[in-house]
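> Can you look at this prediction? I've put the sequence above it.
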Amino acid sequence: MASVDTTAAQSTNGHGGGAEIPVENPATGEVIAHVANLDAARVAEIARAGRAAQPGWQAMGFEGRGRVIRRMQKWVMDNSERVVQTIVSETGKTYEDAYMVEINYAGGAIDYWIKQAPKFLDDESVHATTLAVRGKKMVVRYEPLGLIGVIGPWNYPLANSFGDCIPALLAGNSVILKPSEVTPLTSLLLAEGLAESGLPEGVFQVATGRGETGAALVDEVDMIMFTGSTETGRRVLKRAADTLTPVSLELGGKDPMIVLSDADLERAANLAVYYSMLNGGQTCISIERVYVEEPVYDEFVRRVVDKVGVLRQGPSTGPATAEVGAMTFPKQLEIVEEHVRDALAKGARALTGGKRRAGKGMFFEPTVLVDVDHTMKAMTEETFGPTLPIMKVADAEEAITLANDSPYGLGGAVFSGDRARGEQLARRMQAGAVCVNDALLNYVAVELPMGGWKASGLGARHGAAGIRKFTKQQSIFISRLHLKNDVYMFPYRRRVSKALFQGVRLFYGRGRRR
Ligand code: NDP
């Protein structure tokens, strides 16, 4: 694979007012670009540009905006090799993880939002049912918030960052995207794509920088869409409280998978391996822990170990060259090491892997852990790496109790040969996105709201809620013409009070009887 094209990185957001940030390829250790580190003054400046550009963008209407975003969809497909190369170079993920998850997501999500945005944001006529408003016309409408700040993590620089910008833009807002300092190049490249697709200047801007740049952005915008750790999410929420800025948060998870003894073990093992190792395990809704009923435990573990044992790991130099890529973020590699070390010290066994790979690049070997329990970090804290701890349980009751024994509630999966039984158990999972005989698909099912419970987040992306959150609602009441007064108002009160009270009793009394 050729080296990454950094033209966009050098030209898009100019001078930052701070030192530059080097961007490293985690699979090779090579520095591939430098980007500006925007300070608070520069963030305020681009926020002003975003606000100035927004009314013109809103005035283009759904059709005009949709045309620009449709051209962007084509741009992403026409430039997919360049986008994939950029993603692979700054994340160290495999070619397939970049193509099948990120490019594929962009295609589907853009299509969905272009088609659905007018429907989700169209004026809604509401039927008046209560006595006080009978006969009046009522309308709910959605107005863009203005300037949206999207703060993204490093694991999916397209899907998890740019992905949220699409509905925000289609809703008529300007957007400033603050990508992770570790993976800013994809966002800069996509900004170039939007400009080539005809997006008016200032409507979409990228604020490269570190955490302080993100913090400064919170002060400047009308709404923040944040994806990242629970700890930083809390910080963002606290800062946004000062300006009463609405916040939507998708945070960490510790997603459980339950395998019942009547499950198709081959499918369950295949999905456990794929969805724990996908993207090097650095997916917010990765399978992070598995609970298997005792009668099928040994067989399940045997199948998983066989499948993990043949995975190839290394720098991805093109299609089909590696199955498991690098860790993207140096600190994350240390967390994975710490979780595995802690588990082994408390009596767990690593049946494959178990350590950082020697040589160049940030790789942690695909690792299967057994003899694990909830005293271990690998079972209770977000690992976010290529590890799969598997625990034996007596029955489904123990499995669901342990699955819910977590501060997180992002996703989860249940495998059973009886779909109804699987669904019953899935309904008892304390998580916002659950699957039966499948896993993780909630993220690409853009038709469904996807959001975490407990410490995994606030709000949702995708579905109607995923675009309405970028708007403010206005309800409008329209009275009939020629109506001089209503019977409950002052001049009538002296004369008709008793009749009015009786009217209320009759109206709702009759309703209760019905
Ligand atoms: P963070 O939550 O630290 O960062 C996410 C984004 O927020 C980055 O762009 C970061 O910038 C920015 N940021 C950092 N501090 C602030 C602040 N005070 N105000 C506003 N924005 C800020 O996540 P990491 O990327 O460091 O990953 C750490 C952990 O997050 C992982 O261990 C994992 O558990 C979880 N995570 C969850 C993801 C998910 O999809 N739910 C994705 C990635 C990580 P910068 O990177 O420049 O510091």
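Thanks, I have it.
> is it true that E288 touches K254?
Yes. Between E288 and K254 there is a contact at 4.9 Å, judged by CB atoms under 8 Å. All C-beta spots, glycine's among them, are computed from the backbone N, C-alpha and C.
> mean confidence for the helix or strand that contains A499?
Assignment of secondary structure by DSSP states H and E places A499 within helix 490-513. Helix 490-513 shows an average pLDDT of 81 in the prediction.
> What residues of that helix count as buried?
By 16 or more other CB atoms under 10 Å, helix 490-513 has no buried positions at all.
> And for stretch 350-366?
By neighbour count with 16+ other CB under 10 Å, stretch 350-366 contains the buried residues 350-354, 356-357, 361-366.
> Stretch 230-248 now?
The neighbour-count check on stretch 230-248 (16+ other CB under 10 Å) flags 230, 232-233, 235-237, 239-240, 245-248 as buried.
> And stretch 317-331, by the same measure?
By neighbour count with 16+ other CB under 10 Å, stretch 317-331 contains the buried residues 322-329.
> what's it in contact with?
Taking CB atoms under 8 Å, 6 or more residues apart in numbering as the criterion, the residues outside stretch 317-331 that touch it are 1, 26-27, 88, 90-97, 99, 154-155, 180, 182-183, 277, 279-280, 282, 311-316, 333, 336, 361-364, 366, 385-386.
> Just the CA atoms of that stretch, as PDB, please.
What follows is stretch 317-331 as a C-alpha-only set of coordinates in PDB (Å, rounded to 0.1, in the frame of the first residue of the first chain):
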ATOM      1  CA  THR A 317      -0.700  -3.900   3.000                       C
ATOM      2  CA  GLY A 318      -3.900  -4.500   1.000                       C
ATOM      3  CA  PRO A 319      -6.900  -6.800   0.900                       C
ATOM      4  CA  ALA A 320      -6.500 -10.200   2.600                       C
ATOM      5  CA  THR A 321      -3.100  -9.500   4.000                       C
ATOM      6  CA  ALA A 322      -4.000  -9.700   7.700                       C
ATOM      7  CA  GLU A 323      -7.100 -10.400   9.800                       C
ATOM      8  CA  VAL A 324      -6.200  -8.500  13.000                       C
ATOM      9  CA  GLY A 325      -4.600  -5.100  12.800                       C
ATOM     10  CA  ALA A 326      -2.700  -2.900  15.300                       C
ATOM     11  CA  MET A 327      -3.800  -1.100  18.400                       C
ATOM     12  CA  THR A 328      -4.300   2.500  17.400                       C
ATOM     13  CA  PHE A 329      -3.600   4.300  20.700                       C
ATOM     14  CA  PRO A 330      -0.400   3.700  22.800                       C
ATOM     15  CA  LYS A 331      -2.300   4.100  26.100                       C
END
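> Please name every helix or strand in contact with the helix or strand hosting E212.
Assessed by DSSP H and E, E212 sits inside helix 211-220. Counting contacts by 3 or more CB pairs under 8 Å, 6 or more residues apart in numbering; DSSP states H and E, the secondary-structure elements packed against helix 211-220 are helix 40-59, strand 147-151, strand 174-178, helix 230-243.
> Give me the packing partners of the last one, helices and strands only.
The reference is to helix 230-243. In terms of contacts (3+ CB pairs under 8 Å, 6+ apart), helix 230-243 is packed against helix 211-220, strand 223-227, strand 247-250.
> Mind checking what helix or strand follows the last one in sequence?
Next in sequence after strand 247-250, counting helices and strands by DSSP H and E, comes strand 256-259.
> Give me the sheet partners of that following strand and which way each runs.
Each strand that pairs with strand 256-259, with its direction, by DSSP bridges: strand 289-293 (parallel), strand 411-415 (parallel).
> What are the buried residues along whatever helix or strand comes next after it?
Proceeding N to C from strand 256-259, the next assigned helix or strand is helix 265-277, under DSSP H and E. Residues of helix 265-277 classed as buried by neighbour count (16+ other CB under 10 Å): 265, 268-269, 271-273, 275-277.
> before we move on, back to that, what's the farthest-apart pair in the buried residues of stretch 317-331?
In those, two members sit farther apart than any others by CB to CB. They are E323 and F329, at 20.2 Å.
> residues contacting the residue in the stretch 401-514 of the chain that the ligand sits nearest to?
When distances are taken as CB to the nearest ligand atom, the stretch 401-514 of the chain approaches the ligand most closely through L410, which lies 7.3 Å from it. When the contact criterion is CB under 8 Å, 6+ apart, the partners of L410 are 250-255, 284-285, 431-433, 452-453, 456-457.
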